[in-house]
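[1] Need a 3D model of the sequence below.
(chains A and B)
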Amino acid sequence: MSKPLSSRDWFGKISAAFILGFTLALALSGLFRWATDYGDAYFSSKGQLGMWIMALTWPLILSFAFLFRSASRAWLWLALANLMAWAPLVALGELQS
Amino acid sequence: MKLPTDVVRMYKEVHGWVGIIAGLALFVAFYAGALTMFEEPLQRWASQPSTLASAPSLERTPELLAKVRAQYPEAARGHEVNLVIDAAHPGRVSWRAPGGRRGEHGGGATYFASLAPDGALQVEKQQRSQVANFIDVLHQQVGLPFSHAIAMPIMGGISLLYVIAMVSGLAVLLPSLVKDLFALRIGRNAKRMWLDVHNVLGFFSLPFHIIIALTAVVFAFHDEFYGAQRLAFSDAASRARPMMRAEAAIADTPTLTPVQIVQRLKQQAPGFTPHQIVYGQGGGILPALRVQGNDPRYGQRGPTYGIAGLDPRTGEIVDRSFMPGMQDGWSATTTGFFTLHFGSFGGYPIRWAYFLLGLTGAFLFYTGNLLWVESRRKRERKAGAVQQTRATRILSALTVGVPLGCVAGISVTLAAAKVLGQSASYGMHSAIYYAVFVVFTLWALMRGAAKAGAELAIVGALSMLTIPAASLLGGHGLYDSGALLMVDFIAGILALGLLVIAHSAQRRAGSGAADSVWSARAQSV
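    As a prediction, the model looks like this:
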C-alpha cells in the first residue's frame, strides 16, 4: 500500500487545483455554453448560470484536491481532466481564434 | 459513514488551518451580514425624518414630474416614482445627481421632490443615514478597510477557504456523526463542549453555509469568471453587452401615467406589490421602464425587490427575467441562489430566521477559533510546556478582541448615526467603527485573552446599550414607526448576552486550568 495521506504537501496540491482547477471549471462552463447554446454571456440567464458553474466547480476541486496521493499526481490527473474537457471544445470550434 | 483514518486526519489538519486563517474575517462577515437582514429598518431607525411636504397623490404625480423636469434637466435621464413613501423614500419623485459613479456599485447624491400645499416644487437632498450602507459594505468586504477593488479578491480568497473548511469539516465529522451529533456534553471538559456545539451548529446550518459560500465566490469573482470566458470562447466578445438599450429607449418617453402603469401591472400580476416605478437607468441589463416591488410568494432577485420590465407605451410586462413568479427556469435558478443568500423570500419571518442563522454562523467561527486554541494547549502540554506559547496567546487574544471589537464598533457607529444626524458621513461611520475595533483588538493583545475577555465583553455590552441610549436622547420624534423600538429592544437583549459572556469569562479566568490562556492566574505569575 502507498503511504497514508498527509496535509504536508498541501502547497503542490492546492496550486494544481488553483490553476488547473480554474481552467477545468472554465472548460466545463464552455461545454455548458455549447450545450445550451446561449447568446451573450452577461445578460442572458443561461449565460449567468454558465458563470455559476465555474463558481461551483472551482472551489470543490480545491477542496477535494487534498485527496490526491501526491502533488505530482494532482497536477497529472487535473491536466488529464483538462485535456478531456478542452478537446471537445477545440473540436467543436468553440474557442476564440 | 466510514472514511479512511488518514483522510480524516488530513482533513482535520486542513480544517484547522483554513479555519484559523478565515475564521475571524468570516465572523465579521456573518455578524454584519445578519444585521443587513434589517438594513431597511436600521436605515429608518438611524435616519432623520424628512422635511418634505406629504407626497402628492399618484394622480397629481405627472404635475410634479413636469416641474422636476423643467427645473432639473438631469432628472430626465432617469428618475423614480415612489409608490411607498417612507423614511428611505420620503418624496414621490427621486433621481440621482450626475457625476457620481453610475452602475452596480455607486452613484451620486439622491434627491427627493414633493409638492408644497400651494403647488410649489420642494426638493431635498437625501437625508438617509449612511450607517446601514456602511454595515452592508463591512459585510461584503469581510471587515476589511480597503477599496472595493482590493477587498473583493481577498474576500474571494476567504470564501474559497470557507468552502474548503466546509468540505474538510464534514469529512472530519462524518465518521462520528451518529455518535456525536445529538450529544451536547456540557460539563467540566470545555473542549468537548465547544466541539459538540461547533458540530451541531455546523451540521444543521450546512445548507445555509453551502449557499452562502457558493454565492460569496460569485460575488467575489464574477468579473474574473466572465473575463476568462470572454478570453477563451469564440464570439463571446461580439455578443457581449448590448449596453445602450436602456439609454436609447428612454427617448420614447412613456406615455402612460403612473396611475395607468400601476393599474396595468395589477391586471397582469395581481400578487405583485409595486414599490417604485423606475424610468430609464441602471445600465444595459435593465429595461427603460421597470417597476420594482415584491411578491412574498416567490424569491426576489434583489435583496429587497424583484423587477417587472414594462413596455413604455402599453404597460405590458415584456421583461420577465427578474419578475417573481414569471421567470423561466434558467432565470429562476440563478434568482434562487441570490434569494437564498439575501433571505429575500417569505417576508419578515424568513428575515428573522436568516438573522439567527447569520449570528449562528458567526458563533460557529468563534467556537472554531476557541477549539483551535484548546487543542494547541493540549498538544503543547504534552510537549512539556507549562504555559501556552506566544503564538497561541496572540491568537487567543485576537479571538477575543476581533469579534468583540466588531460587535462593539458596529453598535457605537450605529448609535452615532442617531446622535450626529445629518453630519455623519460614510467616512465618519467608518472611522468610528475602526477606532473602536482597533482599540478592542489592541486591548486584548495587551491584556491577554483571559483578562480582556471579561473586560471587553462588559464594554461591548455598554456599547450595545448606546443604541437605546441614542434613541432616548433623540426622543420619540426621531422614529417614524413604533415598530422601530424593536431595534432598541434587540440591542438590549444582545447587551444582556454579552454580560453573561463576561461573567463566564471571569469565572474561567479565576478558576480554570492555570496553564490555559484563559486563566488570569497563570499570566499574573
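[2] From now on I want contacts and neighbour counts done on CA atoms only, so please keep to that.
    OK.
[3] Now chain A against chain B: closest residue?
    residue A:96 (3.8 Å; C-alpha to the nearest C-alpha).
[4] for the worst-scoring helix or strand of chain A on mean pLDDT, packing partners?
    In chain A, the helix or strand scored least confidently by mean pLDDT, DSSP states H and E is helix A:45-64, which has a mean of 91. Here helix A:45-64 touches helix A:10-36, helix B:148-173, helix B:206-232, helix B:329-342, going by 3 or more C-alpha pairs under 8 Å, 6 or more residues apart in numbering or on different chains; DSSP states H and E.
[5] Identify whichever of those helices lies nearest to residue B:198.
    Counting by C-alpha to C-alpha, residue B:198 lies closest to helix B:148-173 out of the helices and strands packed on helix A:45-64; the figure is 10.1 Å.
[6] still on that earlier bit, need the phi and psi values for the residue of chain A closest to chain B.
    As for residue A:96, its main-chain torsions (degrees, to the nearest 10) stand at phi -60, psi 130.
[7] ok, the nearest residue to it once chain neighbours are set aside to residue B:59 distance?
    Nearest non-adjacent residue to residue A:96, counting by C-alpha to C-alpha, 6 or more residues apart in numbering or on different chains: residue B:234, 3.8 Å away. Between residue B:234 and residue B:59 the computed distance is 51 Å (C-alpha to C-alpha, to the nearest Å).
[8] Give me the more crowded residue out of those two.
    residue B:234 (15 against 11; other C-alpha atoms under 10 Å in any protein chain shown).
[9] Run through the residues that contact that one.
    Taking C-alpha atoms under 8 Å, 6 or more residues apart in numbering or on different chains, we find residue B:234 in contact with A:93, A:94, A:95, A:96, A:97.
[10] Just the buried ones from those residues, in PyMOL syntax?
    Of the contacts of residue B:234, the buried ones go into a single PyMOL selection, burial set by 16 or more other C-alpha atoms under 10 Å in any protein chain shown:
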select buried, chain A and resi 94+95
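[11] Would you agree residue B:79 is in contact with residue B:288?
    No. Residue B:79 lies out of contact with residue B:288 (C-alpha atoms under 8 Å); the separation is 10.7 Å.
[12] Same drill for those two, tell me which one is more crowded.
    residue B:288 (27 against 23).
[13] nearest spatial neighbour of the more buried one, skipping sequence neighbours?
    Nearest one to residue B:288, counting by C-alpha to C-alpha, 6+ apart, is residue B:280 at 4.0 Å.
[14] what separates the one you found from chain A, distance-wise?
    Distance of residue B:280 to chain A, computed by C-alpha to the nearest C-alpha, to the nearest Å: 17 Å.
[15] low-scoring stretches of the chain, by residue?
    In the absence of a named chain, chain A is used. A:1-2, A:39-43 (pLDDT under 70).
[16] was after chain B, sorry
    B:98-108, B:235-254, B:281-287, B:385-387, B:475-481, B:521-525.
[17] Which residues of it lie near chain A?
    B:6-7, B:9-11, B:13-14, B:160, B:163-164, B:167-168, B:214-215, B:217-218, B:221-222, B:225-226, B:228-229, B:231-236, B:239-241, B:285, B:321, B:330-331, B:333-334 (C-alpha under 8 Å from any C-alpha of the partner chain).
[18] I'd like to know which of these are buried.
    By 16+ other C-alpha under 10 Å, the residues of chain B next to chain A give B:7, B:9-11, B:13-14, B:160, B:163-164, B:167-168, B:214-215, B:217-218, B:221-222, B:225-226, B:229, B:232-233, B:235-236, B:241, B:285, B:321, B:330-331, B:333-334 as buried.
[19] Can you name the residues that contact residue B:128?
    Counting by C-alpha under 8 Å, 6+ apart, residue B:128 has contacts B:43, B:44, B:46, B:47, B:48, B:87, B:88.
[20] for it, helix, strand, or coil?
    What DSSP: H, G, I helix; E, B strand; the rest coil gives for residue B:128 is coil.
[21] What lies in contact with stretch B:393-410?
    Residues contacting stretch B:393-410 (C-alpha under 8 Å, 6+ apart): B:24, B:27-28, B:31, B:135, B:366, B:369-370, B:373, B:432-445, B:448-449, B:452-453, B:456-457, B:459-461, B:463-464, B:517.
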